[in-house]
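Novice: Below is the structure, and that's it, no one-letter string:
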């Protein structure tokens, strides 16, 4: 007896929004001192001085730098810390 | 900078920073840190000190939680930094500087002040000075070009005064940052 193939009522997305990676982006502002931005990167992300300086210069010269990528929960915590240090920073979902 | 000839930044053995020879004009600027940093109800200053954590669609996902949980914490953090700065300022001491030999108008010693910033308060000072500079910058809509043009005496307008105020706060921030780096290097060498 032939067996009818199962019907697929609806295709569902298996990954949830929470699984998608998010970027932490720092934007340029003309007021924060360059040395201060470097210090904050070292503090928040435990970057070496060289890496912190590289990201600071990227912010200064290109207007923004992606400083971290990962889970939304952790990205939110990083953005919160950056706002505590008064840097202009945002979360961006990677589509 | 005219009027600030007697001012000196000294590194103390304890690691603290001391600003000596502060003339009344600079004392007044320092006493205005908390006032300048407080955004009150001003939209521009609030928008900068409490900037959005995301843009576009992502903001809609985050906005409510951020407003409910994060912003109140940031307010407390900023207030705490301002309070620490005000306490240090309240401990400022008067000192008498020597009269300047080459200035005939100054026959008698001028009253100046000494401010000590303890190492454990460096973070609070950096934060409060940053709040003040960002709030002033937002209120007066200063551009990068405005800030690269160093203010000159006499300060002819409110705008010149505010640019000078930001510049002076930045000067103190730079010294705190340099001292933090010196202390970190000394600690590394000792280890």
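Specialist: Okay, I see it. Since we're looking at a predicted model, the values are computed, not measured. Numbers count the residues shown, from 1 in each chain, chains lettered A, B, ... in the order given.

Novice: near chain A, which residues of chain B show up?
Specialist: Selection of chain B residues close to chain A by C-beta under 8 Å from any C-beta of the partner chain yields B:49-55, B:57-58, B:61-62, B:70, B:73-74, B:77, B:126-127, B:130-131, B:133-134, B:137, B:142-144, B:147, B:166, B:170, B:173-174, B:177-178, B:180. C-beta here means a position set from N, CA and C on the backbone, and glycine is covered the same way.

Novice: Let's verify the closest residue to residue B:8 other than its chain neighbours: helix, strand, or coil?
Specialist: Nearest residue to residue B:8 in three dimensions, chain neighbours excluded: residue B:20, at 5.0 Å (C-beta to C-beta, 6 or more residues apart in numbering or on different chains). Under the three-state scheme (DSSP: H, G, I helix; E, B strand; the rest coil), residue B:20 adopts strand.

Novice: Quickly find the element holding residue B:160.
Specialist: Assigned by DSSP states H and E, residue B:160 belongs to helix B:158-190.

Novice: in that helix, what's buried?
Specialist: B:162-166, B:168-170, B:172-173, B:175-177, B:179-180 (16 or more other C-beta atoms under 10 Å in any protein chain shown).

Novice: and if you look at stretch A:42-56?
Specialist: A:42, A:44-45, A:47, A:52-53, A:55-56.

Novice: And stretch B:60-67, by the same measure?
Specialist: Here stretch B:60-67 shows B:62, B:66 as buried, counting by 16+ other C-beta under 10 Å.

Novice: now stretch B:69-87
Specialist: Buried residues in stretch B:69-87, counted by 16+ other C-beta under 10 Å: B:70, B:74, B:77-78, B:81-82, B:84-85.

Novice: can you count the residues close to residue B:6?
Specialist: Per other C-beta atoms under 10 Å in any protein chain shown, the neighbour tally for residue B:6 reads 16.

Novice: now do the one 4 residues further on
Specialist: Other residues within reach of residue B:10, judged by other C-beta under 10 Å, total 13.

Novice: again with the one 4 residues further on
Specialist: Residues lying near residue B:14 (other C-beta under 10 Å) number 10.

Novice: Let's see the pLDDT reported for it.
Specialist: Reported pLDDT at residue B:14 in the predicted model: 92.
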